[in-house]
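>>> kindly return the folded structure for what I paste below:
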Amino acid sequence: MNTWHEWLQVLPPEELLQQLTPERADTGRILDLVRRKSGRYKRYLPRRVIALTAALAVLACTAVAAVVFEWDQKLLAFLQPSQTQQEQLQLAGQQVDRKVIQNGVTVEVDQVVGDSYSAYALCRIRYPQKYQNVSQLSFSQLNMRIDMVGYSGGGGLNQIEIDPQSKEAVCLLRMSHDQPIQGQKVTLSIEDITLTMTDPETGEVTKVKTISGSWQLSWTLRYQDVADGVQKLDLPGQIEGHPVYIEDFYYSDFMVRATLRDGKYTEMNPQVPDGSYVDAIKVTMKDGWVLQPRRDYLDSTVIHGGRCAQITVLFTEMIEPGQIASIEIAGQQMPLS
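Coordinates of the predicted model:
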């Protein structure tokens, strides 16, 4: 049998539906089952073929729907995207479901959502039930490595929330790179987890326990960047009175990035203070709200032989591209598509 039409005439629709539920159905299993049964049944009437065709269509649609990214409630709580963003970022999300267990501790990466140059990962760390009233969890090392060549890249812990009742810490991890990261391998490494336990009434520390071990997970980033690509520019600007040239810029729901060529790395002009880069990128929404930059985070990379600075600024809330009125970098209005 070489065609779908021939396969559809072999298996009764009721047997297919008994053996495959919509949640488990996929094309490969349907074909395998049809091949195994091909010698036991005669040619069926057209109405049975029609019935099986309809059943396969339903199962195929369900299988496609099953791969649609469904936001974990914890990831929603961390990032707080709008309903519109949740829908628009479905292609930018990936279900990872990787875990490793050692010394009674489970480390699991559930989901990833990101853009071309950065991504957030939802990680759960479950510790033994015997440890009560854990209020703090720390690591001797937590590192995210992106397995690619470039000027800079990596990541680490962005936020953490501990639930003493469920014995679980939920972490938001962030990774970034100066080159596109889709299709690249990421490795999360954790060394030695320390649990701090406190009295729920007094808040006093009652016990500190370090669980020695090494937990490592790897996966490949397989999601789509739904943002517009990098825009090449050559625009003059100023940062605190110092001349700069804007070579390119990129923005997504998660950040704004720009490559600036300025006098900081020459002997001719005064230096531009690092803190000034945060204020040099301004995002104004259509309702007039100006997004507040995260001053605890500035990703600044010196590139091109020290002649340029690649600056990434995060904000205290996600950026909804469709609601942006303007993006200003070094005093220049950026072209928005």
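
>>> so the closest residue in space to residue 294 that isn't next to it in sequence versus residue 71, what's the distance?
The shortest distance from residue 294 to any non-neighbouring residue, by Cβ to Cβ, 6 or more residues apart in numbering, is to residue 314 (4.5 Å). C-beta: built from backbone N, CA, C; applies to glycine. Plainly put, residue 314 is 20 Å away from residue 71 if you go by Cβ to Cβ, to the nearest Å.

>>> and these two? Which one has more around it.
Between residue 314 and residue 71, residue 314 has the larger neighbour count (other Cβ atoms under 10 Å), namely 23 against 19.

>>> show me the shaky parts of the stretch 1-150 of the chain.
Along the stretch 1-150 of the chain, segments meeting pLDDT under 70 span 1-67, 149-150.

>>> can I get stretch 193-201 in PDB? Just the C-alpha atoms.
The C-alpha coordinates for stretch 193-201 follow below in PDB (Å, rounded to 0.1, in the frame of the first residue of the first chain):
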ATOM      1  CA  ILE A 193      21.600  23.600  47.100                       C
ATOM      2  CA  THR A 194      21.300  25.300  50.500                       C
ATOM      3  CA  LEU A 195      18.000  25.400  52.300                       C
ATOM      4  CA  THR A 196      17.400  28.000  55.000                       C
ATOM      5  CA  MET A 197      14.500  27.200  57.500                       C
ATOM      6  CA  THR A 198      12.900  29.800  59.700                       C
ATOM      7  CA  ASP A 199      10.300  29.900  62.500                       C
ATOM      8  CA  PRO A 200       7.000  31.000  60.900                       C
ATOM      9  CA  GLU A 201       6.100  33.000  63.900                       C
END
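
>>> list the buried residues in that stretch.
Within stretch 193-201, the residues that count as buried by 16 or more other Cβ atoms under 10 Å are 193, 195-198.

>>> residue 246: which of the residues you listed is nearest?
Nearest to residue 246 among these, counting by Cβ to Cβ, is residue 193 at 43.5 Å.

>>> helix, strand, or coil at the nearest residue to that closest one once chain neighbours are set aside?
Spatial nearest neighbour of residue 193, excluding adjacent residues (Cβ to Cβ, 6+ apart): residue 211 at 4.9 Å. Here residue 211 is recorded as strand under DSSP: H, G, I helix; E, B strand; the rest coil.

>>> so the residue nearest to residue 294 makes contact with residue 291?
No. The criterion here is Cβ atoms under 8 Å, and residue 314 misses it with residue 291 at 9.8 Å.

>>> hmm, the residue nearest to residue 193 is touching residue 127, no?
Yes. Here residue 211 reaches residue 127: they are 7.1 Å apart, a contact under Cβ under 8 Å.

>>> now for the two: what residues contact both?
104-105, 193, 195 (Cβ atoms under 8 Å, 6 or more residues apart in numbering).

>>> could you dump those residues to a markdown table with distance to residue 121?
Listed next are the shared contacts of residue 211 and residue 127 as a markdown table, based on distance: Cβ to Cβ, whole Å:
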| residue | distance to residue 121 |
| --- | --- |
| 104 | 23 |
| 105 | 18 |
| 193 | 17 |
| 195 | 22 |
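
>>> which one of those residues sits closest to residue 115?
residue 193 (30.0 Å).

>>> roughly how far apart are the spatially most central residue of the chain and residue 122?
Taking Cα atoms, centre = their mean, the centroid of the chain lies closest to residue 113, which sits 2.3 Å from it. As judged by Cβ to Cβ, residue 113 and residue 122 stand 8 Å apart.

>>> hang on, the earlier thing: quick one: which of residue 211 and residue 127 has more around it?
residue 127 (20 against 16).

>>> for that one, give me its contacts.
By Cβ under 8 Å, 6+ apart, residue 127 lies in contact with 104-105, 134, 137, 167-169, 193, 195, 211.

>>> so how many other residues sit close to the residue lying closest to residue 283 once chain neighbours are set aside?
Ranked by Cβ to Cβ, 6+ apart and with sequence neighbours excluded, the top spatial neighbour of residue 283 is residue 291, at 4.4 Å. Residue 291: 21 surrounding residues under other Cβ under 10 Å.

>>> how about residue 76?
So residue 76, with other Cβ under 10 Å, has 12 neighbours.

>>> do residue 107 as well
23.

>>> how about the one 3 residues further on?
Burial measure for residue 110: 17 neighbouring residues, criterion other Cβ under 10 Å.
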